[in-house]
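K.L.:
pasting the sequence and the predicted coordinates here, then a few questions.
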Amino acid sequence: MMNRHEGGASRPAKIHYLDGDFEILLHGSHVTCAMTGKNIPLDELRYWSVARQEAYASCEDSLEAEKRAGRLPNQSR
């Protein structure tokens with residue numbers, strides 16, 4: 001059985017992403033990956049975009065987001 005404090009812990013957090021850190025605006029247990037829709041526990045959050053204010057579940061998801069945003073140089077050689 002869950003107590004009333006545990007039930008509230010499963011809601012998404014609201015985060016302001018900064019360079020190398022983030023600020024929690026609304027406490028919660030996780031954020032959602034902008035590329036996959038997966039929940040990312042806050043203690044596992046490692047990848048995000050300051051410019052787009054998005055979180056990513058993995059380095060690969062972050063790289064794909066940068067490609068889609070046109071933020072990487074053309075590598076067609």
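P.N.:
Received it, and whenever you're ready, just let me know what you need.
K.L.:
ok, A57 touching L45?
P.N.:
No. In this structure, A57 sits apart from L45 without contact. The criterion is C-beta atoms under 8 Å, and the distance is 9.0 Å. Using the backbone N, CA and C atoms, a C-beta is placed for each residue, glycine as well.
K.L.:
and the two? which has more neighbours close in?
P.N.:
A57 (21 against 18; other C-beta atoms under 10 Å).
K.L.:
enumerate every residue touching Y17.
P.N.:
Residues touching Y17, when contacts are defined by C-beta atoms under 8 Å, 6 or more residues apart in numbering, comprise W48, S49, V50, Q53, E54, A55.
K.L.:
grab the most central residue of this protein for me.
P.N.:
With the centre of the chain defined as its mean C-alpha position, the nearest residue by C-alpha atoms, centre = their mean is A55, 1.9 Å away.
K.L.:
is it in a bridge, and if so with what?
P.N.:
C33, W48 (DSSP bridges).
K.L.:
E66 - that's part of a strand, no?
P.N.:
No. Counting by DSSP: H, G, I helix; E, B strand; the rest coil, one finds E66 to be helix, located in no strand.
K.L.:
grab the nearest non-local neighbour of it.
P.N.:
For E66, ignoring the flanking residues on the chain, the nearest one in space by C-beta to C-beta, 6 or more residues apart in numbering is L72 at 5.2 Å.
K.L.:
and the one you found, how many neighbours?
P.N.:
Other residues near L72 number 10, with proximity taken as other C-beta under 10 Å.
K.L.:
quick one, grab the pLDDT at it.
P.N.:
L72 carries a pLDDT score of 79 in this model.
K.L.:
how near is it to A65?
P.N.:
Summarising the geometry, the distance separating L72 from A65, computed by C-beta to C-beta, to the nearest Å, is 10 Å.
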